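In: Just need the structure, nothing else, for what follows:
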Amino acid sequence: MLVPVNSSRVSQADDDLHLIRLWLQGKSSHSQEAYVRDIEQFVDFVDLPLNEIKLQHFWDWADHLKQKGALPATQARKLAAIKSLFSFAHRIGYLLFNVGAAVTLPNVPEKLSERILTEEDISQILAQTDTLRNRVLLKLFYASGARVSELSCLYWRAVITRNHNRQGQITLLGKGNKTRTLVIPASVWEELMELKSEMETSEPNQPVFRSRKGGALSRQQIWRIVRSAAKSAGFDQNISPHWLRHAHASHALDHGAPVHLVKESLGHQSLTTTSKYAHARPDESSSKYINI
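Out: This next block holds a predicted model:
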């Protein structure tokens with residue numbers, strides 16, 4: 001049953017472009033870039049203003065993605081972005097109806113267990129780094145569980161010594177501009193301080209991980225560093241920095257870390273997300289009770 005819309009409700013967006021800008025507000029630059037690409041592809045496909053888009057256009061777009069060979073995870077991500085935009089548009093009164101609410105996302109096979117490296121794997125990858133900067137970068141990824149965007153924009157002002165120089169903490173700027181502060185293990189902290197002393201300058205507003213030109217390493221450069229080390233260690237998969245984040249969560253839980261602590265350290269919004277790591281590598285299953 002259709003619910004009448006309150007005619008007194010006033011939209012806060014002037015047009016489609018203004019709406020999209022409002023929707024993107026507060027999202028990370030990386031997320032904004034991805035969302036803009038998805039929205040542009042959808043709008044180019046339907047070639048209609050948002051208020052003329054019907055449910056069938058969503059289904060046509062979904063079929064188009066399948067025909068183009070997009071993986072289920074890619075299909076789900078792109079459709080989720082469009083659904084989010086339409087929900088936002090309806091919520092602020094820009095659209096009378098949220099047609100995206102009726103769209104179901106494709107089922108995405110859970111492959112997290114395939115992307116969790118062992119502690120031995122991590123050691124092999126770390127052994128392949130050729131510079132102090134790269135070694136500290138990979139160790140900090142694993143020790144903190146940080147995202148690429150969080151370490152690429154880490155500055156020395158967010159690195160603070162504690163416990164008489166034997167240990168320290170870093171403050172990361174995460175999704176939604178939320179910050180979280182993490183204590184860094186002494187062994188990693190020592191190398192981080194060694195990197196600081198090796199640099200010609202470590203002013204508070206200087207990036208911790210600098211490129212040869214002096215600016216912060218880009219996400220693409222960081223990906224190449226991680227992938228190169230993994231390839232040198234003999235791994236054929238396209239291992240990304242996020243695999244080190246997965247490893248942090250899984251290994252911390254394996255060693256008895258409380259799930260709520262891992263959730264806070266990784267900056268997850270929900271315990272459900274964090275709990276997936278425990279289920280990805282279970283210690284037990286009912287198969288132990290089967291005679292075969």
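
In: which residues touch Asn205?
Out: Neighbouring residues of Asn205 by Cβ atoms under 8 Å, 6 or more residues apart in numbering: 155-157. (C-beta placed from N, C-alpha, C; glycine too.)

In: How about Arg180?
Out: 171-172, 174, 264-265, 267.

In: try it again with 7 Å
Out: Under the criterion of Cβ atoms under 7 Å, 6 or more residues apart in numbering, the neighbours of Arg180 are 172, 174, 264, 267.

In: With Gly168 instead?
Out: Neighbouring residues of Gly168 by Cβ under 7 Å, 6+ apart: 159-162, 184, 189.

In: same thing but at 10 Å, please
Out: 159-162, 182-186, 188-190, 192-193 (Cβ atoms under 10 Å, 6 or more residues apart in numbering).

In: same deal with Glu150?
Out: Contacts for Glu150 (Cβ under 10 Å, 6+ apart) come out as 28, 140-141, 144, 158, 170-175, 179-180, 245, 267.

In: Please apply the same query to Gln75.
Out: Counting by Cβ under 10 Å, 6+ apart, Gln75 has contacts 61-62, 64-66, 68, 105-106, 108.

In: same deal with Gln221?
Out: Neighbour list for Gln221: 137, 152, 209, 211-212 [criterion: Cβ under 10 Å, 6+ apart].

In: from those, which two are the most distant?
Out: Spanning the widest gap among the contacts of Gln221 are Ser152 and Arg212, at 15.2 Å by Cβ to Cβ.

In: Which one's more surrounded, these two?
Out: Between Ser152 and Arg212, counted using other Cβ atoms under 10 Å, the more crowded position is Ser152 (21 against 7).

In: Show me where the stretch 51-200 of the chain has its helices.
Out: With DSSP state H, counting those that start in this stretch, the ranges of helices along the stretch 51-200 of the chain come out as 55-67, 72-91, 119-126, 132-144, 148-152, 186-198.

In: average pLDDT for the first one?
Out: When you say that, I think you mean helix 55-67. With pLDDT averaged residue by residue, helix 55-67 scores 92.

In: now the contacts of Gly168: which count as buried?
Out: Neighbour counting with 16 or more other Cβ atoms under 10 Å marks 159, 182, 184, 188-190, 192-193 as buried within these.
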